[in-house]
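[1] Let's see this in three dimensions:
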Amino acid sequence: MKYILLLVLVTSSSFAVCLKLDVGIKFRCKPIIDSQAYKWCDKKFGQGYLPYKTTKKCSKEVQYQFLNYKPQAQIEVEPVKKEPDFFVEAYWTKNYSKEVVVRCSDDKNLLCDVLCEDENLCILEEGMAKNFVGTSISLMNFLNNVGKSILSSGRANEGDVVRLLQSGNFVTLTSQTVYNLITKVNSKKLQRQFRSLCDDGTQYPLVLAEVFEKTRDVVGYSYVVCKSGVYELEDQYMINLKKSYLH
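    Just a heads-up that it's a prediction; the model follows:
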């Protein structure tokens with residue numbers, strides 16, 4: 001229980017709890033896409049806590065553990081892990097649109113300020129791409145080769161990441177993507193391939209893909225977001241494809 005912090009709040013959506021992302025996933029809680037709820041959790045508990053609905057699937061176990069938890073002096077509390085200074089997450093909304101949440105620590109608040117004029121939290125709408133679904137060649141190549149010939153390299157320039165997000169010419173991808181009609185969605189094999197892009201134990205690495213504005217085609221799988229930060233991706237196929245669009 002030492003890694004969970006909970007408080008019940010009332011939002012326009014429903015009663016909710018503020019939980020760490022990995023805890024929300026563990027308890028199968030449904031995230032709330034509400035900018036006020038995000039800011040409330042950030043203000044009360046700090047970076048890394050997200051609002052979740054207390055549905056039947058998640059609330060019973062969460063409530064049981066909290067109601068029956070009694071702090072004991074002899075328990076040795078593990079040191080709190082530092083949250084990344086700049087972190088990107090993506091969620092589907094109840095309206096079947098996709099939103100991207102960007103979080104900046106106090107050390108990196110200029111990035112969020114440039115992105116959305118808020119120092120710590122930005123919520124962006126994710127667009128669409130034409131060759132990002134089904135059996136398109138670019139998506140097929142990525143899903144088949146992620147973690148093999150497509151690997152993460154050095155840490156990304158966060159300013160470049162912000163410029164991509166600010167342009168709106170991007171889409172996001174994880175092993176859970178519903179656009180995958182090539183392999184089994186979120187299969188153990190695909191999870192391992194995506195996780196190999198991060199060396200810090202990130203459960204669901206998030207890939208940021210660049211979209212060519214004129215045609216709305218994906219022209220580069222540019223970055224991967226891990227718990228420890230954002231890293232560049234090396235994908236020679238997409239590098240060559242991007243050159244063909246720009247010439």
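
[2] tell me which element the residue nearest in space to the middle of the chain is part of?
    Nearest residue to the geometric centre of the chain (C-alpha atoms, centre = their mean): residue 89, 2.3 Å. If you go by DSSP states H and E, residue 89 is part of strand 86-92.

[3] What residues sit buried inside that strand?
    Of the residues in strand 86-92, 86, 87, 88, 89, 90, 91 count as buried by neighbour count, 16 or more other C-beta atoms under 10 Å. Any C-beta I mention is one placed from the backbone N, CA and C, and that applies to glycine too.

[4] Now distance to residue 184 too, for those, in JSON lines please.
    JSON lines is the format used below for the buried residues of strand 86-92 (distance: C-beta to C-beta, whole Å):
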{"residue": "86", "distance to residue 184": "32"}
{"residue": "87", "distance to residue 184": "28"}
{"residue": "88", "distance to residue 184": "26"}
{"residue": "89", "distance to residue 184": "24"}
{"residue": "90", "distance to residue 184": "21"}
{"residue": "91", "distance to residue 184": "22"}
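
[5] Just the closest of the residues you listed to residue 183, please.
    residue 90 (19.9 Å; C-beta to C-beta).

[6] OK, contacts around the closest residue to that closest one other than its chain neighbours?
    Excluding its sequence neighbours, the residue lying closest to residue 90 (C-beta to C-beta, 6 or more residues apart in numbering) is residue 172, at 4.2 Å. For residue 172, the contact set (C-beta atoms under 8 Å, 6 or more residues apart in numbering) comprises 88, 90, 98, 100, 126, 206, 207, 208, 209.

[7] ok so residue 172 is a helix residue?
    No - read with DSSP: H, G, I helix; E, B strand; the rest coil, residue 172 is strand and lies in no helix.

[8] For it, list each beta-bridge partner.
    Beta-bridge pairing for residue 172 (DSSP bridges): residue 208.

[9] ok, it to residue 91 distance?
    Taking C-beta to C-beta, to the nearest Å as the measure, residue 172 falls 10 Å from residue 91.

[10] what's the helix or strand for the closest residue to the residue nearest to the centre of the chain other than its chain neighbours?
    Once flanking residues are discounted, residue 89 sits nearest to residue 101: 4.7 Å by C-beta to C-beta, 6+ apart. Element membership of residue 101 [criterion: DSSP H and E] is strand 98-104.

[11] burial measure for residue 188, as a count.
    Residue 188 has 9 neighbouring residues, counting by other C-beta atoms under 10 Å.

[12] Quick one: residues contacting it.
    Going by C-beta under 8 Å, 6+ apart, the list of residues near residue 188 is empty.

[13] quick revisit: can you pull the pLDDT of the residue nearest to the centre of the chain?
    pLDDT for residue 89: 91.

[14] In this structure residue 225 contacts residue 203, no?
    No - judged on C-beta atoms under 8 Å, residue 225 makes no contact with residue 203 at a distance of 12.0 Å.

[15] which of the two has more neighbours?
    When neighbours are counted by other C-beta under 10 Å, residue 225 and residue 203 differ, and residue 225 comes out ahead with 27 against 15.
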